[in-house]
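Q: No letters, just coordinates:
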């Protein structure tokens with residue numbers, strides 16, 4: 001296995017344990033644990049089998065460390081992300097889960113899924129979750145973030161201010177890069193992992209050079225197939 005893969009996952013796990021922008025380290029690790037637990041939830045299983053998840057009521061099987069709205073967000077993203085809706089997100093807001101914490105939660109869940117799926121594909125057990133680190137969230141919202149093309153505010157490349165971190169360094173600023181931009185640290189962190197597991201943005205568009213054992217065409221065939229299986233319409 002490429003050394004940089006292990007290094008990137010080590011960095012992802014260190015970020016997971018540290019205080020983020022809106023969640024503490026302990027809360028981030030609890031979100032990670034709930035992400036794994038969601039695959040055993042009976043309510044999620046019944047909803048996944050139903051024509052509409054909204055038609056199945058009940059209580060999630062949870063670890064009990066997070067508020068119900070947070071548990072629902074984690075479980076739905078983990079088990080039925082292809083059928084999320086703006087109405088569902090509005091319901092989370094009404095229960096007190098604000099956009100900033102929701103976006104950071106998405107970043108944590110996505111990171112755990114990426115690392116866990118990688119381990120599973122290699123026939124390895126999941127990495128042990130890290131011990132939470134002390135510290136307080138920074139609670140800094142980008143001044144230029146606004147509702148544009150998503151259900152939550154995003155920060156367009158042209159709206160990045162002098163006080164914002166360089167979240168689009170090495171990135172083209174496409175929709176997929178903007179998705180987590182209400183919490184810039186999650187963009188930086190997730191694509192630090194993505195660029196090693198997939199391809200850095202500049203290499204992705206360099207079709208004349210093959211940087212992996214798989215060709216561009218093979219990588220994109222796998223990506224398209226997985227997107228179809230996961231009902232990702234991006």
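A: Perfect, thanks for sending it. The shown structure was predicted, so the numbers you read here are calculated from the model rather than taken from an experiment.

Q: can we go C-alpha only for contacts and neighbour counts from here?
A: OK.

Q: Show me the shaky parts of this protein.
A: For the chain, the stretches with pLDDT under 70 are 234.

Q: Please parse it into its domains.
A: 3-135, 202-234 (automatic domain parsing).

Q: so can I have JSON lines of those domains showing mean neighbour count and distance to residue 185?
A: As requested, those are exported to JSON lines (neighbours: other Cα atoms under 10 Å; distance: least, Cα to Cα, whole Å):
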{"stretch": "domain 3-135", "mean neighbour count": "17", "distance to residue 185": "7"}
{"stretch": "domain 202-234", "mean neighbour count": "12", "distance to residue 185": "21"}
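
Q: can you tell which of the ones you listed is closest to residue 154?
A: domain 3-135 (9.9 Å; Cα to Cα).

Q: measure that closest one end to end?
A: Distance across domain 3-135, first residue to last, is 30 Å (Cα to Cα, to the nearest Å).

Q: Give me the distance from it to the chain's centre.
A: 8 Å (Cα atoms, centre = their mean, to the nearest Å).

Q: thinking again about what came up before, redo the domains of the chain as CSV? Include distance to residue 179.
A: Below are the domains of the chain laid out as CSV (distance: least, Cα to Cα, whole Å):
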stretch, distance to residue 179
domain 3-135, 8
domain 202-234, 11
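
Q: which stretch among these comes nearest residue 162?
A: Closest approach to residue 162 among the domains of the chain (Cα to Cα): domain 3-135, 17.8 Å.

Q: sorry, back to before: looking at the domains of the chain, spot the one closest to residue 157.
A: It's domain 202-234; of the domains of the chain, that one is closest to residue 157 (Cα to Cα) at 16.8 Å.

Q: hey, where'd the helices end up in the chain?
A: 3-17, 25-37, 42-49, 68-80, 86-94, 99-121, 175-178, 184-197, 201-204, 216-229 (DSSP state H).

Q: Return the distance of the residue lying farthest from the centre of the chain relative to residue 228.
A: Here the chain reaches farthest from its C-alpha mean at residue 208, the gap being 30.5 Å by Cα atoms, centre = their mean. As defined by Cα to Cα, residue 208 lies at a distance of 27 Å from residue 228.
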